[in-house]
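Participant: Would you be able to build a 3D model of this:
(2 chains)
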Amino acid sequence: MIRAENISKSFGDRKVLNDISAVFEPGKTNLIIGKSGSGKTVFLKCLVGLLDVDEGQIWYNDILFTGLDFKGRKEIRKQMGMLFQGSALFDSMSVEDNVRFPLDMFTSMSPEEKLERVNFCLDRVNIVNSNSLFPSELSGGMKKRVAIARAIVLKPRFLFCDEPNSGLDPKTSIVIDELIREITVELNMTTIINTHDMNSVMENGEKIVFIEEGEKCWEGNKNEILQSDCRILNDFVFANSLARQLKESSK
Amino acid sequence: MFRFLSGFGSYCMLMGKVFAWPEKHSIYYRQTVKELVSLGLHSIGIVTIISFFMGAVITLQTAYNTENPIYPNYLIGLGARDSIILEFSSTIVALILAGKVGSNIASEIGTMRITEQIDALELMGVNSASYIILPKVVATVLFNPFLTLISIITGIMGGWLVGTSAGVITSQDYIYGIQYAFIPYYITYSLIKTVIFAFIITTVSAHQGYFVEGGSLEVGRASTKAVVYSSVTLLLFNVILTQLLLS
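Facilitator: Take a look at the predicted model:
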């Protein structure tokens, strides 16, 4: 479980996050939604410690993450996996080397065991016969899947996904969403997904936190979102006519 | 002044991270070998070509500017040798490498920064500065002295080949000149400068790349800054080292 308490973050005079609190539960896909520039990515980067918070606390289970130094955080980071918006695969490494990198860095497994684990993870994300390819030779969807394989290779307890569907076609987006959901249940991870893709929200939204202008405006799940009276949330979620019709029909 | 101090401060802090104890030596060793190939072996071609022609030009210019019958002809070889060892093969080659290697390092690390590859390393709990920069520093500091030696040999050979072909000096005079009053310490001096210049080029360029913010335009700017800052810094250190080592 991850618990964020009263998180605030500013860049210069600009306050990007203002007093946000939320609890993200294990075995569930937790979504942070909001329009572009609302502070979702900054919030996610604060949660994983890539940005330091100005105020507030972040807890990983019963460990106060914000109170730890680099060494202390390192132990928790070994239990984290992250899927970045642009995949963030290492350009100079092949698919196999990318996925094997965390194993090389943090385990004492034999080369055979590492290869077996790499192939298992690649197989799990449906990447076959591509071990020797380089990131520049992969499609957007393949890059995301390799990045997921790298994120789960150490069997993390916490998975973070920053806009996993950005730049993907609707069908591939669904494949990625399903993959993340299945892996979350399989490994009983606490998964947090940053998204503004409404398909993802309706498919994966077991817990949803809506952020607007750096403040938490609403919290619920995919069933509650259809019934919500929050005007700002409705303006965001039901921005197009199809979504508005869906809401009307659900009433 | 404030910008300089702030930049120097962030450079020192980055170096603190770079020279932290490596997490896994085998990985760093593998990275260092990769960098030796990429930054060292791949620089041999340009160093050889430039040194050959510069050696040739130094010899011709020395010959055409010492046409006084009082000066013996072997002084052309001696002049070419000392110019190449003392200044050309260490400083000028370092300036050329600041352009080639420095821009390469800054753009590579800058691209890693803007494509979140550095964030990915940090998130895994890897000391990204050490993992990315330390192997480059070790590779250039180890390999650049060999580049300097290659440059010295090629430069002197270029001078001999072109000097004798152009008829400005005989082969015997040139060979006598490059052996005459030879001070072995000059080679040591040149290699000491090379090691320090290699450190400057790599770390200054890495610093520019590591703190890039923005997109491809900023990576380009960082690459240009890396060349300018490392060139100016090594020229300044050239003066300091010359005074310290030859006085």
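
Participant: quick one: the closest residue to B:A20 other than its chain neighbours and A:K74, what's the gap?
Facilitator: Using CB to CB, 6 or more residues apart in numbering or on different chains and skipping the chain neighbours, the partner closest in space to B:A20 is B:S130 (5.3 Å). Bear in mind the C-beta positions are built from the backbone N, C-alpha and C, glycine included. Applying CB to CB, to the nearest Å, the value for B:S130 to A:K74 is 13 Å.

Participant: neighbour-wise, which of these two wins?
Facilitator: Using other CB atoms under 10 Å in any protein chain shown, the more surrounded residue of B:S130 and A:K74 is B:S130, with 21 against 18.

Participant: and that one, helix, strand or coil?
Facilitator: helix (DSSP: H, G, I helix; E, B strand; the rest coil).

Participant: Was I right to think it contacts B:G16?
Facilitator: No - when contacts are counted by CB atoms under 8 Å, B:S130 is not listed as touching B:G16 (9.9 Å).

Participant: Taking the centroid of the chain, which residue is nearest it?
Facilitator: Chain wasn't specified; assuming chain A. A:C161 (1.8 Å; CA atoms, centre = their mean).

Participant: wrong one, chain B
Facilitator: Mean-position check on chain B, CA atoms, centre = their mean. Result B:A94 at 2.8 Å.

Participant: For that one, which residues are in contact?
Facilitator: With contacts defined as CB atoms under 8 Å, 6 or more residues apart in numbering or on different chains, B:A94 is in contact with B:N144, B:K193, B:T194, B:F197, B:A198, B:I201, B:L234.

Participant: mind running it again at 6 Å?
Facilitator: Contacts for B:A94 (CB atoms under 6 Å, 6 or more residues apart in numbering or on different chains) come out as B:F197, B:L234.

Participant: Could you do B:S107 as well?
Facilitator: By CB under 6 Å, 6+ apart, B:S107 lies in contact with B:V219, B:S223.

Participant: any idea how far A:N98 lies from A:I58?
Facilitator: A:N98 is 28 Å from A:I58, by CB to CB.

Participant: Low-confidence regions, chain B specifically.
Facilitator: The model of chain B has no residue with pLDDT under 70.

Participant: Over to the stretch 151-251 of chain A?
Facilitator: For the stretch 151-251 of chain A (pLDDT under 70), the answer is A:247, A:250-251.

Participant: That one: helices as residue ranges?
Facilitator: Here the stretch 151-251 of chain A has its helices, by DSSP state H, counting those that start in this stretch, at A:170-187, A:198-204, A:222-227, A:231-237, A:241-250.

Participant: winner for burial among the ones you listed?
Facilitator: Among the helices of the stretch 151-251 of chain A, helix A:198-204 has the highest mean neighbour count (mean count of other CB atoms under 10 Å in any protein chain shown), at a mean of 19.

Participant: before we move on, back to that, pretty sure the residue nearest to B:A20 sits against B:V18.
Facilitator: Yes - with contact defined as CB atoms under 6 Å, B:S130 reaches B:V18; the gap is 5.4 Å.

Participant: Right, and chain A sits closest to which residue of chain B?
Facilitator: Nearest residue of chain B to chain A, counting by CB to the nearest CB: B:G125, 3.7 Å away.

Participant: And that residue, its phi and psi?
Facilitator: Here is the backbone geometry of B:G125 (degrees, to the nearest 10): phi 90, psi 20.

Participant: How many neighbouring residues does it have?
Facilitator: By other CB under 10 Å, 21 other residues sit near B:G125.

Participant: Next: B:T203.
Facilitator: 21.

Participant: and the nearest residue to A:F106 once chain neighbours are set aside, what pLDDT?
Facilitator: Nearest non-adjacent residue to A:F106, counting by CB to CB, 6+ apart: A:K78, 5.7 Å away. A:K78 carries a pLDDT value of 86.

Participant: close enough to count as contact, A:K78 and B:G125?
Facilitator: Yes - if you go by CB under 6 Å, A:K78 and B:G125 touch, sitting 5.3 Å apart.

Participant: coming back round to it: and the residue nearest to the centre of chain B, what helix or strand is that in?
Facilitator: In this structure, B:A94 sits in helix B:93-97 according to DSSP states H and E.

Participant: Pull up the residues of the stretch 51-200 of chain A that are close to chain B.
Facilitator: A:K74, A:R77, A:K78, A:M82, A:F84, A:G86, A:A88, A:F90, A:P102, A:D104, A:M105 (CB under 6 Å from any CB of the partner chain).

Participant: Is the fourth one in contact with A:F160, as I believe?
Facilitator: Yes - if you go by CB under 6 Å, A:M82 and A:F160 touch, sitting 4.4 Å apart.

Participant: Compare those two (neighbour count), which wins?
Facilitator: A:F160 (28 against 25).

Participant: partner residues bridging the more buried one?
Facilitator: Following DSSP bridges, A:F160 is listed with bridge partners A:M82, A:I192.

Participant: Give me the contact list for stretch B:13-28.
Facilitator: Contact with stretch B:13-28 is made by A:D104, A:M105, B:N127, B:A129, B:S130, B:I133, B:L134, B:P135, B:H207, as judged by CB under 6 Å, 6+ apart.

Participant: So for it, what gets flagged as buried?
Facilitator: B:L14, B:M15, B:V18, B:P22, B:I27, B:Y28 (16 or more other CB atoms under 10 Å in any protein chain shown).

Participant: Mind checking which of these are in helices?
Facilitator: Taking DSSP state H as the definition of helices, these contribute B:L14, B:M15, B:V18, B:I27, B:Y28.

Participant: What is the nearest of those to A:A239?
Facilitator: The nearest member of these to A:A239, counting by CB to CB, is B:L14 at 43.8 Å.

Participant: how close does that closest one get to B:Q117?
Facilitator: Taking CB to CB as the measure, B:L14 falls 17 Å from B:Q117.

Participant: which SS state does the nearest residue to A:L64 once chain neighbours are set aside fall under?
Facilitator: Among residues not flanking A:L64 along the chain, A:Q57 sits closest, at 6.0 Å (CB to CB, 6+ apart). Counting by three-state DSSP, the backbone at A:Q57 sits in strand.
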